[in-house]
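> I need the structure of the sequence given here:
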Amino acid sequence: MATCPPYPTHPGGPAGGALRHAHWWQRRWVRYGALITLLALSGLVILALVRQQTGTEGFLVGLGLAVLPVPLLMAAFRWLDRVEPGPWRNLLFAFAWGACAAALIAIVANSFATKWIATATADPSSADTLGATVIAPIVEESAKAAAVLLIFLFRRRDFTGIVDGVVIAGVTATGFAFTENILYLGTAFGTDQLSGERGLASVTAATFFVRVVMSPFAHPLFTVLTGIGFGIAALSPEGRQLRRVLLPLSGLLLAMGMHAVWNGSSSFGEYGFFAVYAAFMVPTFGLLTWLVIWTRQRELRTVRAELPSYAVAGWLAPPEPFVLGSMRARRLARDYARQHFGKGAARSVAEYEAYATSLAFLRHRARRGRAGADFGGRERELLHELWRRREVARPALAYAARATAPVALPPWPMYTPLYGRPYTGSATPYPGGAPYADPAAAYPAYNPYRS
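Purely as a prediction, here's the structure:
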C-alpha cells in the first residue's frame, strides 16, 4: 500500500539546489577549508611561540598540568547544553578558536602594546601593570568574543538563547585558558629549574594552585558575560537591531571590566587577590550559575508548554511533551533504547529529543513574533527528522513516561489522543503509515504549516 507523507513536500525541491550556481568562495567546503587552515596555522604559530618561551621540557610540563581542568569544564558546559544540545562542530570550533586564534592574537597584541608603552614612558614596571589591567582585558575578551560573534552570525539556527551563548563563550574561554596555562605553568617550571626550587615551595606549585585549583573558571566567567549578551540578543525580535547590537557590546564591556579587576588584584595590596576573589569572583560565579540553571529549567518548561500542540495534531504521542520536558525521563528513554536496541538506537532517541526541543523553541519564538521568514521550512524539516526516528524513539519515550509519570498511567496502547484515534503500539499505528496526511484535517484549530 502506498503511504502518504506526514508532512507537505518542501516546495524548494532538492536540498542544496540553490547553491548549484554559487561562486566558488560560497561553497561550504571552501569556507570550512579556509577556517580549518586558519586555525591550524594559528595553532602551529602559538605552539612555536609558547615552546620558545618555556622550552621543550617546560612546555610538556605545562601541557600536562594545563589539561587537567579542561575535561571538567567541558563536561560542565556540555551538561548545561543538554536540553537542546548544540552541534559538536560548534564546540570544537569554539575551543580551537580560543586555544589557537584568540591566544595568538592576545600574545602578539599584548606583547606589542606593552613594549610600546614601555618605550613611550621609559617605565617598564608601569607598562607591565598597565598592560595587565587595561590592554590584556580589552584584547583577550575581544579575541574570545569573536568566536561567539561568528557562531551568532553564521550558525544562527544553533544560537537561540542565553544557554547557547553561555556554552559557546565558556568553551571558547576554556580553550584560551588552556593555552595560557601552558605558557604560565611552563614558564614557572623554567624558573624553578634555574632556582632549584622543588615541591610545594616552587613557583610551579604556586602557579598551579592559583590558576588551576582556585580559579579554573576565571576566563570562562569573564567571557560568559559576553555570551549572555549575545544570548539575550538572540531572544530579541528581528526588528530591534539597536538592541541586538548594544546587548552583546554591554556584555563584552562587563567581561572586560571583570577581567581588569581580576588582573589588577595583585596591585591592591598583600591580600588584594583574596579580597577580589571573595568579593567579586565567587559571588559572580554563584549568580551566573544560578542564572544558567534557572534558564535551563525555563527551557524545559517551554518544551512542556509548546509540544502539546503537536501531540494534538498527531505528530507526537500524547505523553511525549511530558517526557521531553524532563531530563530524568529523557535519560531513561535513552537508557531503555541502548539496553534493548543498542547504541545506534540510543543515539536516535537522543536526536529525537534534540529535534523535538528545537521544534518547541521554534514555535515559542513564533508565538512571540520572533520567528524568521524560514519558519515554515524549518518546522517541516524538524517534523521530518522526528518522523524518521519515531519507530525507535516512541517505545523508549513510552517506557520513560510510565517510569516517571507523577500518577499511574494505563498501558501505552490504551492512550487515546485528543483527536480520537488510539495509539496501538505498532510502528505505523495509523492508516497509511502516518497520523494524518494533513494535520489540519485532524485538528482544524491548528495547522503547523500556517506561518
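> Residue 191 and residue 76, how far apart?
Residue 191 sits 32 Å away from residue 76, taking C-beta to C-beta, to the nearest Å as the criterion. In this view, the C-beta of every residue, glycine as well, is placed from N, C-alpha and C.
> Could you do residue 317 as well?
33 Å.
> now do residue 134
Taking C-beta to C-beta, one finds residue 134 at 30 Å from residue 76.
> If we ignore the residues flanking it in sequence, what's nearest residue 113?
Sequence neighbours aside, residue 135 is the residue nearest to residue 113 in space, at 4.5 Å (criterion: C-beta to C-beta, 6 or more residues apart in numbering).
> For that neighbour, the count of nearby residues, please.
22 (other C-beta atoms under 10 Å).
> Enumerate every residue touching it.
109, 110, 113, 114, 117 (C-beta atoms under 8 Å, 6 or more residues apart in numbering).
> Surely residue 214 touches residue 277?
Yes - using C-beta atoms under 8 Å, residue 214 is in contact with residue 277, at 7.0 Å.
> okay, these two: which has more neighbours?
residue 277 (17 against 14).
> residues contacting the more buried one?
Residue 277 is in contact with 214, 215, 265, counting by C-beta under 8 Å, 6+ apart.
> Could you check how far it is from residue 336?
Relative to residue 336, and taking C-beta to C-beta, residue 277 is found at 45 Å.
> Spatially, which residue comes closest to residue 310, not counting chain neighbours?
residue 316 (4.9 Å).
> To clarify, my last question referred to residue 35.
With C-beta to C-beta, 6+ apart, the residue lying closest to residue 35 is residue 93, at 7.4 Å.
> following the one helix or strand the one you found maps to, which helix or strand comes up?
Using DSSP states H and E, residue 93 sits in helix 88-96. Later in the chain than helix 88-96, the nearest helix or strand by DSSP H and E is helix 103-121.
> Quick check: buried residues in that following helix?
The neighbour-count check on helix 103-121 (16 or more other C-beta atoms under 10 Å) flags 103, 104, 105, 106, 107, 109, 110, 113, 114, 117, 118 as buried.
> Likewise for stretch 334-345?
Applying 16+ other C-beta under 10 Å to stretch 334-345 flags 334, 336, 337, 338, 345 as buried.
> Would you confirm that the second one contacts residue 393?
No - using C-beta under 8 Å, residue 336 is not in contact with residue 393; the gap is 10.4 Å.
> and which of the buried residues of helix 103-121 is nearest residue 29?
residue 104 (24.8 Å; C-beta to C-beta).
> residues contacting the closest one?
Per C-beta under 8 Å, 6+ apart, neighbours of residue 104: 42, 45, 46, 49.
> Excluding covalently adjacent residues, which one is nearest to residue 179?
With C-beta to C-beta, 6+ apart, the residue lying closest to residue 179 is residue 103, at 4.0 Å.
> Can you check what pLDDT the model gives the one you found?
On the pLDDT scale, residue 103 is placed at 95.
> can I assume it is in contact with residue 46?
Yes - Residue 103 lies in contact with residue 46 (C-beta under 8 Å); the separation is 5.2 Å.
> Which neighbours do those two have in common?
Contacts common to residue 103 and residue 46, judged by C-beta under 8 Å, 6+ apart, are residue 179.
> Got phi/psi on residue 85?
phi -60, psi 130 (degrees, to the nearest 10).
> Now do the helices in the stretch 51-200 of the chain.
Along the stretch 51-200 of the chain, counting by DSSP state H, counting those that start in this stretch, helices occupy 69-80, 88-96, 103-121, 124-130, 136-154, 162-195.
> With respect to burial, which of those scores highest?
helix 162-195 (a mean of 25; mean count of other C-beta atoms under 10 Å).
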